[in-house]
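**Student:** Here you go, sequence then predicted model.
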Amino acid sequence: MTIQELYSIIKQRQAQSTPSSYTASLFASGGDRIAQKVGEEAVEVVIASKNNNTTLLVGEVADLYYHLLVLMVDKNITINEIEEELEKRHAEKTR
(Lines give C-alpha, C1' and ligand atoms only; values in the text may rest on other atoms or scores of the structure.)
Protein backbone atom coordinates (compact mmCIF):
# COMPACT_ATOMS: atom_id res chain seq x y z
CA MET A 1 0.00 0.00 0.00
CA THR A 2 1.30 3.43 -0.89
CA ILE A 3 1.11 6.50 1.32
CA GLN A 4 -1.32 8.04 -1.21
CA GLU A 5 -3.59 4.97 -1.02
CA LEU A 6 -3.61 5.10 2.77
CA TYR A 7 -4.34 8.83 2.66
CA SER A 8 -7.34 8.14 0.39
CA ILE A 9 -8.66 5.45 2.75
CA ILE A 10 -8.33 7.83 5.70
CA LYS A 11 -10.28 10.51 3.80
CA GLN A 12 -13.01 7.95 3.08
CA ARG A 13 -13.21 6.96 6.74
CA GLN A 14 -13.51 10.61 7.71
CA ALA A 15 -16.44 11.04 5.32
CA GLN A 16 -18.20 7.79 6.23
CA SER A 17 -17.76 8.07 10.00
CA THR A 18 -18.34 4.35 10.60
CA PRO A 19 -18.63 3.78 14.38
CA SER A 20 -16.49 0.63 14.29
CA SER A 21 -13.64 2.39 12.47
CA TYR A 22 -10.62 3.40 14.55
CA THR A 23 -9.92 6.14 12.03
CA ALA A 24 -13.44 7.53 12.33
CA SER A 25 -13.16 7.42 16.12
CA LEU A 26 -9.99 9.54 15.92
CA PHE A 27 -11.81 12.15 13.85
CA ALA A 28 -14.72 12.08 16.29
CA SER A 29 -12.28 12.66 19.17
CA GLY A 30 -11.06 15.89 17.59
CA GLY A 31 -7.84 17.53 16.56
CA ASP A 32 -6.27 17.60 20.01
CA ARG A 33 -6.58 13.82 20.34
CA ILE A 34 -5.20 13.28 16.85
CA ALA A 35 -2.22 15.52 17.62
CA GLN A 36 -1.70 13.67 20.91
CA LYS A 37 -1.57 10.34 19.04
CA VAL A 38 1.06 11.76 16.66
CA GLY A 39 3.15 12.76 19.67
CA GLU A 40 2.75 9.36 21.30
CA GLU A 41 3.76 7.56 18.13
CA ALA A 42 6.77 9.84 17.63
CA VAL A 43 7.99 8.97 21.12
CA GLU A 44 7.49 5.27 20.39
CA VAL A 45 9.61 5.65 17.22
CA VAL A 46 12.41 7.21 19.25
CA ILE A 47 12.28 4.46 21.87
CA ALA A 48 12.22 1.70 19.25
CA SER A 49 15.20 3.25 17.48
CA LYS A 50 17.19 3.34 20.71
CA ASN A 51 16.43 -0.34 21.35
CA ASN A 52 17.95 -1.37 18.00
CA ASN A 53 14.91 -3.51 17.13
CA THR A 54 14.35 -3.00 13.41
CA THR A 55 11.08 -4.95 13.31
CA LEU A 56 9.61 -2.89 16.14
CA LEU A 57 10.95 0.33 14.61
CA VAL A 58 9.33 -0.40 11.24
CA GLY A 59 5.99 -0.98 12.98
CA GLU A 60 6.27 2.22 14.98
CA VAL A 61 7.23 4.27 11.93
CA ALA A 62 4.18 2.83 10.13
CA ASP A 63 2.01 3.88 13.10
CA LEU A 64 3.52 7.37 12.97
CA TYR A 65 2.94 7.64 9.21
CA TYR A 66 -0.69 6.62 9.71
CA HIS A 67 -1.34 9.10 12.51
CA LEU A 68 0.42 11.90 10.60
CA LEU A 69 -1.85 11.20 7.65
CA VAL A 70 -4.91 11.34 9.91
CA LEU A 71 -3.68 14.71 11.20
CA MET A 72 -3.11 15.94 7.65
CA VAL A 73 -6.62 14.93 6.59
CA ASP A 74 -8.05 16.58 9.71
CA LYS A 75 -6.20 19.81 8.85
CA ASN A 76 -6.95 19.57 5.10
CA ILE A 77 -3.30 19.21 4.14
CA THR A 78 -2.61 17.11 1.06
CA ILE A 79 0.31 14.88 0.28
CA ASN A 80 0.99 17.12 -2.73
CA GLU A 81 1.46 20.10 -0.41
CA ILE A 82 4.06 18.18 1.60
CA GLU A 83 5.82 17.03 -1.56
CA GLU A 84 5.87 20.60 -2.90
CA GLU A 85 7.39 21.86 0.35
CA LEU A 86 10.06 19.17 0.26
CA GLU A 87 10.82 19.95 -3.37
CA LYS A 88 11.09 23.67 -2.58
CA ARG A 89 13.51 22.95 0.26
CA HIS A 90 15.60 20.69 -1.92
CA ALA A 91 15.73 23.29 -4.70
CA GLU A 92 16.85 25.95 -2.24
CA LYS A 93 19.70 23.76 -0.99
CA THR A 94 20.93 22.86 -4.47
CA ARG A 95 21.26 26.45 -5.67
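**Tutor:** On my side now, so go ahead. Numbering: from 1, shown residues only.
**Student:** what about the strands in this protein?
**Tutor:** With strands called from DSSP state E, the chain shows none.
**Student:** Can you tell me the centre-most residue of it?
**Tutor:** Leu68 (2.0 Å; Cα atoms, centre = their mean).
**Student:** Who are the contact partners of that residue?
**Tutor:** Counting by Cβ atoms under 8 Å, 6 or more residues apart in numbering, Leu68 touches Val38. (Glycine included, C-beta is placed from N, CA and C.)
**Student:** could we number from 22 for the rest of this?
**Tutor:** Sure, I'll start numbering at 22, so the last one becomes Leu89.
**Student:** and it, how far is that from Asn73?
**Tutor:** 24 Å (Cβ to Cβ, to the nearest Å).
**Student:** Please report the distance of the residue nearest to the centre of the chain from Thr115.
**Tutor:** For Leu89, the distance to Thr115 - Cβ to Cβ - is 26 Å.
**Student:** cool, Val64 as well?
**Tutor:** Distance from Val64 to Thr115, by Cβ to Cβ: 33 Å.
**Student:** who has more neighbours, the two?
**Tutor:** Taking neighbours as other Cβ atoms under 10 Å, Val64 and Thr115 compare with Val64 leading, 12 against 6.
**Student:** Which residues are in contact with the closest residue to Tyr87 other than its chain neighbours?
**Tutor:** Using Cβ to Cβ, 6 or more residues apart in numbering and skipping the chain neighbours, the partner closest in space to Tyr87 is Leu27 (6.8 Å). By Cβ under 8 Å, 6+ apart, Leu27 lies in contact with Tyr86, Tyr87, Leu90.
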